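# Attaching a predicted model along with its sequence, questions to come.
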Amino acid sequence: MALASSEVRVAGTGEVYVAPVGTAAPSDLSTPLDEPWIGLGYSSEDGVTIARSVESEGISAWQSATPVRTIFTGMELTVTSQFLQSNKEILPLFFGGSEFAETATDSGVFKMDISTVPAGVERAVCIEWRDGSYTHRLYIARAEVSETDDVSLNRTSAVGWGMTFSALAPQSGPLATWLTDDPNFEPAA
């Protein structure tokens with residue numbers, strides 16, 4: 001492969017969006033992710049981390065010191081970010097499915113009960129990021145918040161809600177779809 005500085009990308013800006021499971025993947029890059037998609041707002045300057053891990057097991061044979069075949073036993077695709085906005089979208093995801101409600105009509109006081117039993121919150125997830133004029137969208141049909149970070153409340157830094165979304169097997173179709181207008185991904189003719 002040739003050295004090509006034109007293929008170096010920087011995710012200069014972007015956002016993580018969630019929608020109900022069953023929401024269709026974006027079909028283009030020009031249509032905004034409007035309802036039912038909900039943007040989760042600002043993330044820390046670390047942005048978003050996409051991780052993929054594959055587990056495999058080698059099959060050994062009497063005649064060979066190295067495996068003769070590999071069986072894939074598991075795979076995980078995750079999206080992690082530290083969300084900086086505190087609102088009715090972020091906290092229910094973080095705390096596992098509870099919702100805010102007004103304590104009394106027109107009281108201006110809102111309450112969310114956090115369950116003693118953890119509950120999974122499944123969503124479709126779409127990460128959109130841009131580098132100059134190029135846009136990328138990674139769509140995960142079905143994901144669940146599988147891990148949360150500790151939250152520090154102090155006077156010198158923003159409150160951050162760190163969450164990891166783990167992709168779950170969809171009812172049908174691919175686990176995830178990458179959509180881009182970046183010419184570096186144009187298939188060879």
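Thanks, I have it.

# which ones are touching the spatially most central residue of the chain?
Central residue of the chain (Cα atoms, centre = their mean): Val79, 3.7 Å from the mean position. By Cβ atoms under 8 Å, 6 or more residues apart in numbering, Val79 lies in contact with 16, 48-51, 125, 127, 138, 140, 143, 164-165, 167. Every residue, glycine included, has its C-beta placed from N, CA and C.

# What are the buried residues along the helix or strand containing it?
Secondary-structure element containing Val79, defined by DSSP states H and E: strand 64-83. In terms of neighbour count (16 or more other Cβ atoms under 10 Å), strand 64-83 has its buried residues at Leu77, Thr78, Val79, Thr80, Ser81, Gln82, Phe83.

# Make a markdown table out of these and add distance to Val21 and pLDDT.
Converted to a markdown table, those look like this (distance: Cβ to Cβ, whole Å; pLDDT from 0 to 100):
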| residue | distance to Val21 | pLDDT |
| --- | --- | --- |
| Leu77 | 15 | 97 |
| Thr78 | 17 | 98 |
| Val79 | 15 | 97 |
| Thr80 | 20 | 97 |
| Ser81 | 19 | 98 |
| Gln82 | 24 | 98 |
| Phe83 | 20 | 98 |
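
# What helix or strand is the nearest residue to Thr13 once chain neighbours are set aside located in?
Using Cβ to Cβ, 6 or more residues apart in numbering and skipping the chain neighbours, the partner closest in space to Thr13 is Arg130 (5.7 Å). Using DSSP H and E, Arg130 sits within strand 122-131.

# now Leu93
Counting by DSSP H and E, Leu93 is found in helix 90-95.

# on that earlier part again, return the set of residues that bridge with the residue nearest to the centre of the chain.
For Val79, the beta-bridge partners under DSSP bridges are Ile50, Phe165.

# and the strand or helix carrying Ile140, which strands flank it?
Using DSSP H and E, Ile140 sits within strand 134-148. Here strand 134-148 is paired, per DSSP bridges, with strand 122-131 (antiparallel), strand 161-167 (antiparallel), strand 176-180 (antiparallel).

# now the shortest one, how far from the centre of its chain.
Read it as strand 176-180. 13 Å (Cα atoms, centre = their mean, to the nearest Å).

# Hey, what's the angle from it to strand 64-83? Just curious.
70 degrees (axes from the mean of the first three to the mean of the last three Cα atoms, to 10 degrees).

# Touching, Arg69 and Glu57? I think so.
No: the pair Arg69 and Glu57 fails to qualify as a contact (Cβ atoms under 8 Å) at a distance of 9.6 Å.

# picking that back up, next one: the strand holding Val79 to chain centre, how far?
On Cα atoms, centre = their mean, the centre of strand 64-83 falls 18 Å from that of its chain.

# Just the C-alphas of it, formatted as CSV.
Extracted C-alpha coordinates of strand 64-83, given in CSV (Å, rounded to 0.1, in the frame of the first residue of the first chain):
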residue,chain,number,x,y,z
SER,A,64,0.4,-30.2,13.2
ALA,A,65,1.9,-28.0,15.9
THR,A,66,-0.2,-25.1,14.7
PRO,A,67,-4.0,-25.0,14.5
VAL,A,68,-5.4,-26.4,11.3
ARG,A,69,-8.6,-24.4,11.4
THR,A,70,-10.1,-21.5,13.4
ILE,A,71,-13.6,-21.3,14.7
PHE,A,72,-15.0,-17.9,15.6
THR,A,73,-16.7,-18.2,19.0
GLY,A,74,-17.8,-14.6,19.6
MET,A,75,-17.6,-11.0,18.5
GLU,A,76,-18.4,-7.7,20.1
LEU,A,77,-18.9,-4.2,18.6
THR,A,78,-19.1,-1.3,21.0
VAL,A,79,-19.4,2.5,20.9
THR,A,80,-18.2,4.4,23.9
SER,A,81,-18.5,8.1,24.7
GLN,A,82,-18.6,10.5,27.6
PHE,A,83,-21.7,12.6,27.1
